[in-house]
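Peer 1: Got a predicted structure here, sequence first:
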Amino acid sequence: MKNIYLLGATGSIGRQVLEIIDRNPDDFCIVTLSANSDLDGMSTLIEKYRPEYVAMGQPDAAKILSNRYPQTEIGSDTAGLVKAATFNPLDQNGLLVNALVGMCGLVPTIKAIEIGRSIALANKETLVIGGDLIMPLARKHHVTIYPIDSEHSALWQCLKGEDMNTVKRLIITASGGAFRDLSREQLTTVTAEAALKHPSWSMGAKITIDCATMMNKGFEVIEAHHLFGISGSKIQTLLHKESYVHSLVEFIDGSIIAQIAEHDMRLPISYALYYPFRKANPVPPLNLAKTGKLTFEPLDFHRYPCLAYAYEALEKGGLYPCVLNAANEMAVQLFLEHKVSFLEIETIIRGQMDQVTNIANPTVDDLLITDATVKEAILITTLK
Ligand code: NDP
Ligand code: MG
């Protein structure tokens, strides 16, 4: 029985985590849950799972829920998320499932590592910003980070039992997002509503936009670098529109091992929750006789500048990945609010990356300050 501390319970990943747990009630116990502001969603979860502690990102939402459920301890803000992540610190069977979106996942992840709690991680932004701090800290506290992101789960499965010295490169596939068949000229007029229609996956709004700009793939390159200790120059990305090959590893002898399955996040979630065991799940089996052609194409950095920015941020290191992420978070939010155009997302990010005064080995406080400064600068210049 694993005790689950679930952050981001009301989101796309959070709900699928709960679906796996619901199917296997003898294997898991929900101890804490968190959301941001979804009162109805969290009310349903409190009534169903009776968690020992609940955190809401928004203090107002926490107050309303406290009045609704006076028997349940409810906190808010970063302190609440940290408490939800580190609740029962001596629990030896605890697993933090971080399904938050954005940089709000950074501090709870670090605090959970400090109490030695294993982590199933969907929240890639946390590794993008803080991977240089998180991975050594995890090694120090003997904490394992189990990736939920489908490409990283695929790489992890392909690498099982392999000697990392025999890996030539990692190959991460990309579906291409909603606008993969449009030219750059056609991108000048696209809307947020159109960007939210992903061809293969149904996901939260932010990652769906990140797929359309290809920033998601850039983030995944950085995420893979941290998880598997491989330099960016050995991580390749390929457009694979069919979304069945979730990633591949090429070895020095010329062998390429791929993980192939239906595009359904319940598979990598289940793999992370049950590792090192495999467990049957509700994902429909893939019928290779019916998939048709599987195609692979190079990704053009001119067509997808955000992918190039991510490689650049990884290479420059220090504060660059934090600036990349902060600028992207704010630009995507403004795009979803119809305040900037689709192509302005990349202009805003480039503008912030061109202004970085870099430092080596930033601390958590450096990252938090940089994140806030970048976001505020974008708001001031964009909305004036
Ligand atoms: P969603 O937007 O669907 O869900 C995000 C969750 O985080 C919600 O529970 C939301 O609460 C909560 N949340 C958002 N902001 C805050 C905040 N400031 N403080 C506290 N809680 C907050 O995102 P996804 O589930 O799509 O994505 C989660 C993570 O997983 C992302 O990092 C994404 O990149 C990654 N990922 C997602 C995949 C997918 O298929 N969705 C695939 C691979 C990776 P509320 O509901 O109240 O707003
Ligand atoms: Mg992914």
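Peer 2: Structure received. Numbering: from 1, shown residues only. Ligands and ions are numbered 1, 2, ... in the order given.

Peer 1: tell me the domain ranges of this structure?
Peer 2: What automatic domain parsing lists as the domains of the chain is 2-147, 149-185+214-305.

Peer 1: and the shortest one, how far out from the chain's middle?
Peer 2: Relative to the centre of its chain, domain 149-185+214-305 is centred 14 Å away, using CA atoms, centre = their mean, to the nearest Å.

Peer 1: just stretch 208-216 next, same as before
Peer 2: Chain-centre distance of stretch 208-216: 12 Å, with CA atoms, centre = their mean.

Peer 1: Would you mind writing the CA trace of that stretch as CSV?
Peer 2: This file holds the C-alpha atoms of stretch 208-216, laid out as CSV (Å, rounded to 0.1, in the frame of the first residue of the first chain):
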residue,chain,number,x,y,z
THR,A,208,-1.4,22.4,-25.0
ILE,A,209,-0.2,25.8,-26.0
ASP,A,210,3.4,24.8,-25.2
CYS,A,211,2.9,21.9,-27.7
ALA,A,212,1.8,24.3,-30.4
THR,A,213,4.9,26.6,-29.9
MET,A,214,7.1,23.5,-29.4
MET,A,215,8.3,24.9,-26.1
ASN,A,216,7.0,21.7,-24.5
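
Peer 1: what about it and ligand 1, touching?
Peer 2: No: Stretch 208-216 lies apart from ligand 1 when judged by CB under 6 Å from any ligand atom; the minimum separation is 6.8 Å. From N, CA and C alone the C-beta is placed, and that goes for glycine too.

Peer 1: neighbouring contacts of that stretch?
Peer 2: Outside of stretch 208-216, the residues within contact range by CB atoms under 8 Å, 6 or more residues apart in numbering are 174-179, 192, 195-196, 198, 201, 203, 207, 217, 219, 299, 304, 306-307, 309-310, 328, 332, 335-336, 342, 345-346, 349.

Peer 1: Single out the most deeply packed of the domains of the chain.
Peer 2: domain 2-147 (a mean of 20; mean count of other CB atoms under 10 Å).

Peer 1: and the contacts of stretch 208-216, which of them are in helices?
Peer 2: Among the contacts of stretch 208-216, DSSP state H puts 192, 195, 207, 217, 219, 306-307, 309-310, 328, 332, 335-336, 342, 345-346, 349 in helices.

Peer 1: still on that earlier bit, of the domains of the chain, which approaches ligand 2 most closely?
Peer 2: Checking the domains of the chain against ligand 2 by CB to the ion gives domain 149-185+214-305 as the closest, at 4.3 Å.

Peer 1: what's the straight distance from one end of that closest one to the other?
Peer 2: Domain 149-185+214-305 has an end-to-end distance of 22 Å (CA to CA, to the nearest Å).

Peer 1: Use 158 as the first number from now on
Peer 2: Will do, 158 is the new start, and the previous item becomes domain 306-342+371-462.

Peer 1: Enumerate the residues of the stretch 308-457 of the chain near ligand 2.
Peer 2: Proximity of the stretch 308-457 of the chain to ligand 2, by CB under 5 Å from the ion, involves residues Glu308.

Peer 1: Where do the helices of the stretch 308-457 of the chain begin and end?
Peer 2: 349-352, 362-370, 372-385, 423-431, 445-448 (DSSP state H, counting those that start in this stretch).

Peer 1: re earlier: so which of the contacts of stretch 365-373 also contact ligand 1?
Peer 2: Residues shared between the contacts of stretch 365-373 and the neighbourhood of ligand 1 are Trp358, Met360, Ile364 [CB under 6 Å from any ligand atom].

Peer 1: now those residues in JSON lines, with neighbour count?
Peer 2: JSON lines is the format used below for those (neighbours: other CB atoms under 10 Å):
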{"residue": "Trp358", "neighbour count": "16"}
{"residue": "Met360", "neighbour count": "19"}
{"residue": "Ile364", "neighbour count": "24"}
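
Peer 1: Among the residues you listed, find me the one that's closest to Leu284.
Peer 2: Lowest distance from Leu284 to those (CB to CB) belongs to Ile364, with 14.1 Å.

Peer 1: what's the spacing between the residue nearest to the closest one when sequence neighbours are not counted and Glu282?
Peer 2: Using CB to CB, 6 or more residues apart in numbering and skipping residues adjacent in sequence, the residue nearest Ile364 is Asn373, 5.9 Å away. Distance of Asn373 to Glu282, given as CB to CB, to the nearest Å: 10 Å.

Peer 1: Likewise for Cys261?
Peer 2: Counting by CB to CB, the gap from Cys261 to Glu282 is 9 Å.

Peer 1: Over to Arg172?
Peer 2: For Arg172, the distance to Glu282 (CB to CB) stands at 19 Å.

Peer 1: now swap in Ala446 and tell me
Peer 2: 39 Å.

Peer 1: cool, and Tyr468?
Peer 2: Using CB to CB, we find Tyr468 at a distance of 17 Å from Glu282.

Peer 1: Glu503 too?
Peer 2: Using CB to CB, Glu503 is found at 18 Å from Glu282.

Peer 1: picking up where we left off before, what is in contact with Cys261 and Glu282 at once?
Peer 2: Here Cys261 and Glu282 share no contacting residue, scored by CB under 8 Å, 6+ apart.

Peer 1: which residue sits closest to Lys240, ignoring its sequence neighbours?
Peer 2: With sequence-adjacent residues excluded and distances taken as CB to CB, 6+ apart, Lys240 is closest to Gly232, at 5.4 Å.

Peer 1: ok, the host helix or strand of the one you found: who's next to it in the sheet?
Peer 2: Per DSSP states H and E: Gly232 is located in strand 230-233. As defined by DSSP bridges, the strand partners of strand 230-233 come to strand 210-213 (parallel).
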